[in-house]
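Enquirer: got a sequence here, can you build the structure:
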Amino acid sequence: MAKVYPQPPTCCSYRSSKKETLTIWMKSLVCHGNGCTVFNSKGEIIYRIDNYGEKRSREVYLMDLHGKVLFTLRKKLRIFRRWDGYRCNNGSTQKPCFRVRKTFKMLNGNSACQVTMGSSCYRIVELAGKSTFQIVNNDSEIIAEVKQKRSSSGVVFGDDVLNLAVEADVDHSFIMAIVAVYGLINHTM
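Expert: Numbering: from 1, shown residues only. Here you go, the predicted model:
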């Protein structure tokens, strides 16, 4: 079977003027691949991650529906416990756009990871429940929240179907890149 490879990177960010809820399905659409697929509220695919047979890869690509790379996510040496996210601009990934470091819970309370992007700092805060967490900014404002998806009648979907609620005027691709790194750190992707 032929593999579907990512196309050359392009610059693309997606923002909304209102809060938006996305659905993350922790499955790849590529046969025998690992990754996830992200749908908007209309059921359209907007992002995907495909590892092409390698679970827990050291380099992962966040792509749009057409396979255009938006972020390249690279794992750095184990002793640093760090992932670097490179925004893909015009085919090049020069220096990291953001860094994610796993934190020690004894020192940082319920913060699972620290995200730095230039002078901005974000935290991934674990909540009660499987695969439930928030991404908060410097001012402790919630900018995104991930939790297990429920139907409108309250039926809980499987562990591999999640809701991602992103606040208004926040780059969805950046948030999705952080969510992907968190999934890689926790071996859920």
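
Enquirer: all the strands of the chain, in order from the start?
Expert: Assigned by DSSP state E, the chain shows strands spanning 20-25, 35-39, 45-50, 59-64, 69-75, 82-87, 98-102, 111-117, 120-126, 133-136, 142-148, 161-166.

Enquirer: for the first one, packing partners?
Expert: I take that to be strand 20-25. In this structure, strand 20-25 packs against strand 35-39, strand 161-166, helix 172-185, with contacts taken as 3 or more C-beta pairs under 8 Å, 6 or more residues apart in numbering; DSSP states H and E. The C-beta positions use only the backbone N, C-alpha and C, and glycine is treated the same way.

Enquirer: just want the angle from the longest one to strand 98-102.
Expert: Following axes from the mean of the first three to the mean of the last three C-alpha atoms, to 10 degrees, one obtains 30 degrees for the angle between helix 172-185 and strand 98-102.

Enquirer: helix 172-185 - what's its average pLDDT?
Expert: Taken as a whole, helix 172-185 has an average pLDDT of 91.

Enquirer: what's the burial count for the closest residue to residue 125 other than its chain neighbours?
Expert: Leaving aside its sequence neighbours, residue 125 sits nearest to residue 134 (C-beta to C-beta, 6 or more residues apart in numbering; 4.8 Å). Number of residues near residue 134 (other C-beta atoms under 10 Å) recorded here: 19.

Enquirer: is residue 134 bridged to anything, and to what?
Expert: On the basis of DSSP bridges, residue 134 is bridged to residue 125, residue 145.

Enquirer: before we move on, back to that, can you flag the weakest of the strands of the chain by average pLDDT?
Expert: strand 111-117 (a mean of 86).
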